[in-house]
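Asks: below: sequence and its predicted model.
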Amino acid sequence: MASSAVVKLNAAASSWISGNHGVNQRPGSADVLTPRRVSVIRAGSFTDELIKTAKTIASPGRGILAIDESNATCGKRLASIGLDNTEANRQAYRQLLLTTPGLGEHISGAILFEETLYQSTLDGKKFVDCLRDENIVPGIKVDKGLVPLPGSNNESWCQGLDGLASRSAEYYKQGARFAKWRTVVSISCGPSALAVKEAAWGLARYAAVSQDNGLVPIVEPEILLDGDHPIERTLKVAEEVWSEVFYYLAENNVIFEGILLKPSMVTPGADHKEKASPETIAKYTLTMLKRRVPPAVPGIMFLSGGQSEVEATLNLNAMNQSPNPWHVSFSYARALQNTVLKTWQGRPENVEAAQKALLVRAKANSLAQIGKYSEQGESDEAKKGMFVKGYTY
């Protein structure tokens, strides 16, 4: 551990520092010692590495490929092209993605499911080594999924804190250098104050544990698209959620320079009667971020949340038409993989064409990250929406 710590005064912080008291005198009474609360931001042994990793992922023109779907969800994707949900089929699909030549030009990080982190190509090369050869940082999904939250409005909370430290240490040994924890907030269910607090606290505890074990935490409170609410309602809820998240991140002494965010874009509900333009979505989303996210955070890596491939890219492009305090980029799953999967169809002779399709989508979002994307020439397939009500990952 480093010998020094960075100390910052903060009236809302969590640590009591003994021997540092204020004196409150009242007429006719003895002096009353009132403890002064300060926040201690620890400079741990991984601090420099965490900051370097976060900056590497948040590098110009690059973003994250999310292929961390659970085996059950991956099975649904495979079923859509007529394949059985077997480990061999999952391995084949992920090998296609992770061995795409030139992928590192546009992709800086790849989020893996635990099974994938320990898998290799059919030739015996570890997937993490395939990524490193392309200068892509391997990441790992560490949460254990959503379960019902008692006392809420039919809302959920994310489990996985039990044993997280030991699992994170093992993931680090295997080559992972960042982590992902996805929780959700539902506007159509309220959201309740209980659900927002639970989401924020869980994310903060996960982030602290991840940093303590050398993994850059991606902080992801996904605000679901479900509902018919206007964009103004989404903005209000997003501001409330991120305010709570950063409060608890500070309470847990998380180093902001060593995290990445994965927010939802601020959009109307999926069932709202009026669809917002990319310029409107960019305006509301950037307004929320500027009000809530400190500039110390190196990267904002948006989730696509069921938008079509083209929608997700257009919205990202609109947000990069002028400089931002952070690297504003992407962490897409379906919005990078949809066309790839349909091109592959599980056939070995289609692997090269599917990899080219992945590069097309990766390059499009790479251009959007620097504000230079054009939708000219995009296929009809790439314009199809992928929203699924009540989507589970």
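Replies: Now that the structure is in, tell me what you want to look at. Numbers count the residues shown, from 1 in each chain.
Asks: which residues touch stretch 226-243?
Replies: Applying C-beta atoms under 8 Å, 6 or more residues apart in numbering, the external contacts of stretch 226-243 come out as 185-188, 191, 196, 199-200, 221, 223, 263-264, 266-274, 276, 280-281, 284, 287-288, 291-293, 389-390. The C-beta positions use only the backbone N, C-alpha and C, and glycine is treated the same way.
Asks: list the buried residues in that stretch.
Replies: By neighbour count, and taking 16 or more other C-beta atoms under 10 Å as the criterion, the buried residues in stretch 226-243 are 226-227, 229, 231, 233-235, 237-242.
Asks: contacts only, for the most centrally placed residue in the chain.
Replies: Residue closest to the mean C-alpha point of the chain, counted by C-alpha atoms, centre = their mean, is Lys262 at 3.2 Å. If you count contacts by C-beta under 8 Å, 6+ apart, Lys262 has them with 180, 182, 218-220, 222, 301-303, 331.
Asks: so where's this structure uncertain?
Replies: Judged by pLDDT under 70, the chain has its weakly predicted residues at 1-44, 377-393.
Asks: mind listing the helices for it?
Replies: Counting by DSSP state H, the chain forms helices over residues 47-57, 71-79, 87-98, 114-117, 127-133, 164-174, 193-212, 231-251, 278-292, 309-319, 334-344, 351-369, given from the N-terminal end onward.
Asks: quick check: which helices or strands does the fifth one pack against?
Replies: Right, helix 127-133. Packing partners of helix 127-133 (3 or more C-beta pairs under 8 Å, 6 or more residues apart in numbering; DSSP states H and E): helix 87-98, helix 114-117, strand 137-141.
Asks: give me the sheet partners of the last one and which way each runs.
Replies: In this case it means strand 137-141. With DSSP bridges as the criterion, the sheet partners recorded for strand 137-141 are strand 107-112 (parallel), strand 178-185 (parallel).
Asks: hey, which of those strands is tucked in deepest?
Replies: With neighbours defined as mean count of other C-beta atoms under 10 Å, those peak in mean count at strand 107-112, which reaches a mean of 28.
Asks: from the middle of its chain, how far away would that strand be?
Replies: Mean C-alpha position of strand 107-112 versus that of the full chain (C-alpha atoms, centre = their mean, to the nearest Å) differs by 11 Å.
Asks: what does that strand contact?
Replies: Taking C-beta under 8 Å, 6+ apart as the rule, strand 107-112 contacts 56-59, 62-68, 94, 98, 127, 131, 134-141, 176, 178, 180, 218, 331, 362.
Asks: rerun at 7 Å
Replies: By C-beta atoms under 7 Å, 6 or more residues apart in numbering, the surrounding residues in contact with strand 107-112 are 56-57, 59, 62-68, 98, 131, 136-141, 178, 180, 362.
Asks: for the helices and strands packed on helix 127-133, which one sits closest to Tyr247?
Replies: Distances from Tyr247 to each of the helices and strands packed on helix 127-133 were compared using C-beta to C-beta; the shortest belongs to strand 137-141, at 25.0 Å.
Asks: related to what we said a few turns ago, need the contacts of Lys262 in JSON lines with distance to Glu251, can you?
Replies: As requested, those are exported to JSON lines (distance: C-beta to C-beta, whole Å):
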{"residue": "Lys180", "distance to Glu251": "21"}
{"residue": "Arg182", "distance to Glu251": "21"}
{"residue": "Ile218", "distance to Glu251": "19"}
{"residue": "Val219", "distance to Glu251": "14"}
{"residue": "Glu220", "distance to Glu251": "19"}
{"residue": "Glu222", "distance to Glu251": "22"}
{"residue": "Met301", "distance to Glu251": "23"}
{"residue": "Phe302", "distance to Glu251": "26"}
{"residue": "Leu303", "distance to Glu251": "25"}
{"residue": "Ser331", "distance to Glu251": "25"}
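Asks: if we can go back for a sec, out of the contacts of stretch 226-243, which are buried?
Replies: Neighbour counting by 16+ other C-beta under 10 Å classes 185-188, 191, 196, 199-200, 221, 223, 263-264, 266-270, 272, 276, 280-281, 284, 288, 292-293 among these as buried.
Asks: list the contacts for Asn315?
Replies: Residues touching Asn315, when contacts are defined by C-beta under 7 Å, 6+ apart, comprise 265, 278, 281-282.
Asks: tell me which two of those residues sit farthest apart.
Replies: When the contacts of Asn315 are compared pair by pair using C-beta to C-beta, the two farthest from each other are Met265 and Pro278, 9.6 Å apart.
Asks: quick check: closest non-adjacent residue to Pro295.
Replies: Counting by C-beta to C-beta, 6 or more residues apart in numbering, the nearest residue to Pro295 once its immediate chain neighbours are dropped is Pro325, at 4.0 Å.
Asks: circling back to that earlier point, for the contacts of Asn315, which PyMOL command selects only the ones that are buried?
Replies: In PyMOL syntax, the buried subset of the contacts of Asn315 is picked out as below (16+ other C-beta under 10 Å):
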select buried, resi 265+278+281+282
